[in-house]
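J.: Turn this into a structure:
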Amino acid sequence: MVELVEVKRELIQKIETENENLQSLRSIYQQNLNDMKSRLMSLPKHYEKQREDIRKTRARSFLKWKEEIDYIALQLQRQLHDMESQDITGLKKQEEFFKEKLASIEILLRENKDLKASNKIDKLVRFKPNSDIFTDLPALQEYTRPKFHAKTFEDFKLKEHFGEISGRVLLEHPAYRIQNVKEIKIYKKILLKHPSVLFKINMKSIWIEDSFESLTSIVHFGYNRVWVGGKSKCLVLVDFNGNLIDDIDIASLGNYLALSSKGNLLFSNTKENTVDEILCDRTLSSIIFASPWEPKGMTCTSAGELFVCLYKKDDSKVAKYTDHGELISEFQYDKENHLLFNIPDCIAVNVLQ
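T.: Below you'll find the model as predicted:
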């Protein structure tokens, strides 16, 4: 009887471990699904902007070579349409894959819950973990966004000077395997005496709007991609090879960026004195209203708490918020009532603490 109780305990423990693995996998699959949805929603807007650029260039050049311009513009529009169809088809296919996998994980979680609650030893003995079939994610593919490049009008070689659609590059992000919980270890990090350069990204070749004076902020977005901001009202998403993946216009300069615990991009809107969140459908939501303080650098903890540097004339502090923008605490003065900070601009959290 004692042995039977022990076997039952071990089997229930195995189910609990299996559920923990499935919960972790569900979060990763959900993040990928949200990414697919966000990119699907942003694609039509990007292609419509390229179409608008073509229409504007066509209007400027309409008085000369009308028939040839119409023909070239039509061919370019068809080229964009074909590219858009390919992009949407590919992303929908990957979106459907993650939907199916998430549905399978939900079914297994419900079955495991029912099995655990049944306490029937004959069924518990026959239990077999299934989370291993989800740990190998396929390589994800995506094209870089094509852009229409208008050319200076000339009296000759009209087709060469009207514009062209830049070629796309099919990016394939390598598949990866989720580590087993038992394999995850925290290693002591050591500062290098001489840092080494791993990647160089030429931002001048892909900056998409007006010129910029400097780059001031960068956050890792996963799959070898980073959001980059600077003294420009445009944020760009690029991969480590310098390929433009996405872009979004904002109301203020993109000097201060962070990534929320939900995987959404945050930036300090110094024009409105707010911290804004870019949701997966590309809409903006202000989560922190800091006025009269000006928000600057910020960082997010794994628990979802947000630390923000705040500044106004002759005063400064660091504030801690929840992921919903509710104030938790402030750090402003030391024990002798002296300001802790002069002009706080950057902040980071030690993840090992």
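J.: any weak-confidence spans in the stretch 201-350 of the chain?
T.: 204-213, 223 (pLDDT under 70).
J.: tell me the strands in it, going along the chain?
T.: Along the stretch 201-350 of the chain, the stretches classed as strands by DSSP state E, counting those that start in this stretch are 215-222, 225-230, 234-239, 244-249, 257-259, 265-269, 274-278, 284-289, 294-300, 306-312, 315-321, 327-331.
J.: and what of the stretch 51-200 of the chain?
T.: 140-143, 148-150, 163-165, 170-173.
J.: where's the closest residue to Asn224 other than its chain neighbours relative to Lys200, distance?
T.: Counting by Cβ to Cβ, 6 or more residues apart in numbering, Phe240 is the residue found nearest to Asn224 once chain neighbours are left out, at 4.7 Å. From N, CA and C alone the C-beta is placed, and that goes for glycine too. Using Cβ to Cβ, to the nearest Å, we find Phe240 at a distance of 9 Å from Lys200.
J.: Which of the two has more residues huddled nearby?
T.: Between Phe240 and Lys200, counting by other Cβ atoms under 10 Å, Phe240 is the more crowded of the two (13 against 8).
J.: Could you list which residues are in contact with the more buried one?
T.: Residues near Phe240 by Cβ atoms under 8 Å, 6 or more residues apart in numbering: Phe199, Ile201, Asn224, Arg225, Val226.
J.: let's see it at 7 Å
T.: When contacts are counted by Cβ atoms under 7 Å, 6 or more residues apart in numbering, Phe240 touches Phe199, Ile201, Asn224.
J.: same check, this time on Tyr321
T.: Ile288, Glu305, Leu306, Val308, Leu327, Ile328.
J.: Same question for Leu108.
T.: Leu22, Asn130 are the contacts of Leu108 under Cβ under 7 Å, 6+ apart.
J.: so which of the strands of the stretch 201-350 of the chain is the most packed in?
T.: strand 265-269 (a mean of 25; mean count of other Cβ atoms under 10 Å).
J.: elements contacting it?
T.: If contacts are counted by 3 or more Cβ pairs under 7 Å, 6 or more residues apart in numbering; DSSP states H and E, strand 265-269 sits against strand 257-259, strand 274-278, strand 294-300.
J.: and His149, which of those is closest to it?
T.: strand 274-278 (26.6 Å; Cβ to Cβ).
J.: Paired strands for the closest one, with orientation please.
T.: Using DSSP bridges, the strands paired with strand 274-278 are strand 265-269 (antiparallel), strand 284-289 (antiparallel).
J.: so what's the residue nearest to the spatial centre of the chain up against?
T.: Centroid-nearest residue in the chain, with Cα atoms, centre = their mean: Phe221, separated by 4.3 Å. Counting by Cβ under 7 Å, 6+ apart, Phe221 makes contact with Trp227, Leu237, Leu259.
J.: If we use 8 Å, what do you get?
T.: Counting by Cβ under 8 Å, 6+ apart, Phe221 makes contact with Trp227, Leu237, Leu259, Leu265.
J.: Report the beta-bridge partner residues of the last one.
T.: Here Leu265 sits in beta bridges with Leu259, Ile278, as judged by DSSP bridges.
J.: just checking, it touches Glu277?
T.: Yes: between Leu265 and Glu277 there is a contact under Cβ atoms under 8 Å: 7.4 Å.
J.: For those two, list the residues in contact with both.
T.: Here Leu265 and Glu277 have no joint contacts, going by Cβ under 8 Å, 6+ apart.
J.: Any chance of the strands paired with strand 274-278 in a markdown table with distance to Pro129 as columns?
T.: Below are these laid out as a markdown table (distance: least, Cβ to Cβ, whole Å):
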| stretch | distance to Pro129 |
| --- | --- |
| strand 265-269 | 36 |
| strand 284-289 | 39 |
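J.: can you tell which of those is closest to Thr322?
T.: strand 284-289 (9.3 Å).
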